[in-house]
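>>> With the sequence up front, the predicted model follows.
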Amino acid sequence: MSNWYLRSKFPESVLQAITDTVRHSELSHGGEIRVAIEADLSLHSLLGAVTTRQRARQVFAELGVWDTASRNGVLIYMCLADRAVEIIADRGLQACVSNAEWADICMKLQNSCAADRYQQGMCDAVIGIGQLIKRHYPQTDRNEQSDRPVLL
């Protein structure tokens, strides 16, 4: 899958809408939400049998999502070629939110993408994650991570 295809699904207007949604969400809670979208897994990853979940964990570390004062960062990772979505939460949230709640957000985002509604799906996922964070980290704090999605 090409970077052109990635940009066709996530043009600047969609990236800005997602950025605005992350920013707005973070005004209501003390967590940090990052979004990373990758066209597809590299040949090296595929040959090494790296799963989407493993790749999401790598991206979580590479972007430093774990590096928040309250350990409450969350990564929404999407592999566009597979329309696979993974949510990786840091320790502070992972213990508080059930796997079923994370899976529900992933499923809804995957369904939106299958219907070619990438912007709506990603924004809804950010809002849903923000609501989960707010239950456990209701007080806003400083912005420790970029609000802008990263295209890998």
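That came through fine. Owing to the predicted nature of the structure, the values given are computational and were not obtained by experimental measurement.

>>> which other residues reach stretch 19-30?
For stretch 19-30, the surrounding residues in contact (C-beta atoms under 8 Å, 6 or more residues apart in numbering) are 32-33, 35, 70, 72, 122-123, 126-127, 129-130, 133-134, 137-141, 143, 147-149. All C-beta atoms are positioned from the backbone trio N, CA, C, and that covers glycine.

>>> and these, which of them are in strands?
In strands, defined here by DSSP state E, the members of the contacts of stretch 19-30 are Glu32, Ile33, Val35.

>>> Now do the strands in this structure.
Using DSSP E, the strands of the chain run over 32-38, 73-79, 84-89, 150-151.

>>> With respect to burial, which of those scores highest?
With neighbours taken as mean count of other C-beta atoms under 10 Å, these reach their highest mean count in strand 73-79, at a mean of 26.

>>> Quick check: neighbours of that strand in the sheet, parallel or antiparallel?
Strand 73-79 pairs in its sheet with strand 32-38 (parallel), strand 84-89 (antiparallel), by DSSP bridges.

>>> so how far is the last one off the chain centroid?
Spelled out, it's strand 84-89. On the basis of C-alpha atoms, centre = their mean, to the nearest Å, strand 84-89 sits 6 Å off its chain's mean C-alpha point.

>>> Same question for the longest one.
Using C-alpha atoms, centre = their mean, the distance from the centre of strand 32-38 to the centre of the chain it belongs to is 4 Å.

>>> For this protein, spot the helix or strand the model is least confident about on average.
In the chain, the helix or strand scored least confidently by mean pLDDT, DSSP states H and E is helix 43-47, which has a mean of 55.

>>> hmm, which of the contacts of stretch 19-30 are the buried ones?
Using 16 or more other C-beta atoms under 10 Å as the burial test, the contacts of stretch 19-30 include 32-33, 35, 70, 72, 122-123, 126-127, 129-130, 133-134, 137, 147, 149 as buried.
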